[in-house]
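S.K.: sequence? don't have it. structure:
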Ligand SMILES: O=P(O)(O)OC[C@H]1O[C@@H](O)[C@H](O)[C@@H](O)[C@@H]1O
């Protein structure tokens, strides 16, 4: 992995680099954190605030190759979440090449702005659209996805900020705020379920109807990851469990014991009025238990 400096000052530095054979990306070093971003998918791969273990999980077997989504970090699922007709899972934007628009480094954080625009990318969603992503890496991490309908008629999208959080083991993790919330179980197809989530060991694939902040509590690592959503209506909690993970070639052996996906999601179609910008986002904070 060769790299060269794109931006540097007394507070931090951003290098351009290559992941795998040909995926261009950024290495971010700041007094408060380290991070990596892939321009393929516009995908945050890692974020590690000073004094903490890595917050995001990234598979060792993620093929950094065009045509396949990167497994780990925060894939952007857009313009649809989950399966849609015969279009496969999670839309096409996580397999598009984003452009780097700007870098700003100050005392508090490194701010990176990425953008992507497209038309006729996929027959199921051929409309013209523009996306912009503002990523602020500091003691906390803030991500805002701006979406613009670049046509003159109304469009709809669904989507997710599909965060893979690194954990000691899913069985040592709980997300208490979700215990009182009804969920749709994607594994059984049952809707409106309620159950205390005593741990996050897979197989688990649930859509929780809740739009407030949640805390992922890791009892073994004694840390809390708080995620505050912005304009998302659901949380998805996903871990494939061993039987499914073993069939997924881009999850390294035993990798399913190292992460829990807690995804800020709009799982149902949302309106994108013509010519307007709409956002969805999240802020992630880490603290000791
Ligand atoms: O393998 P993919 O397409 O990245 O999806 C991973 C998982 O993503 C989750 O968001 C979905 O709820 C799961 O059903 C899905 O299996």
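M.R.: In hand now; what should we look at? Please read all numbers here as calculations on a predicted model, not as lab measurements.
S.K.: neighbours of residue 254, just the number please.
M.R.: 10 (other CB atoms under 10 Å). Backbone N, C-alpha and C define where each C-beta goes, glycine included.
S.K.: which residues does the closest residue to the ligand within the stretch 101-250 of the chain bridge with?
M.R.: Using CB to the nearest ligand atom, the single residue of the stretch 101-250 of the chain nearest to the ligand is residue 238, 4.2 Å away. Judged by DSSP bridges, the bridge partners of residue 238 are residue 205, residue 261.
S.K.: Give me the distance between it and residue 17.
M.R.: Residue 238 is 29 Å from residue 17, where distance means CB to CB, to the nearest Å.
S.K.: cool, and residue 126?
M.R.: Taking CB to CB, one finds residue 126 at 33 Å from residue 17.
S.K.: Between these two, point out the one with more neighbours.
M.R.: Comparing residue 126 with residue 17 by other CB under 10 Å, the one with more neighbours is residue 17, at 18 against 12.
S.K.: surely that one meets residue 3?
M.R.: Yes - counting by CB atoms under 8 Å, residue 3 is a contact partner of residue 17 at 3.9 Å.
S.K.: Need the overlap of contacts for these two.
M.R.: residue 27 (CB atoms under 8 Å, 6 or more residues apart in numbering).
S.K.: how about the strands of the stretch 1-150 of the chain, start to end?
M.R.: 3-9, 12-19, 23-30, 33-38, 43-49, 76-77, 99-105, 110-118, 129-137, 141-149 (DSSP state E, counting those that start in this stretch).
S.K.: what helices or strands is the fourth one leaning on?
M.R.: It refers to strand 33-38. strand 12-19, strand 23-30, strand 43-49, strand 110-118, strand 129-137 (3 or more CB pairs under 8 Å, 6 or more residues apart in numbering; DSSP states H and E).
S.K.: and that strand with strand 110-118, angle?
M.R.: 10 degrees (axes from the mean of the first three to the mean of the last three CA atoms, to 10 degrees).
S.K.: Show me how far strand 33-38 is from its chain's centre.
M.R.: 13 Å (CA atoms, centre = their mean, to the nearest Å).
S.K.: Tell me what angle that strand forms with strand 12-19.
M.R.: 40 degrees.
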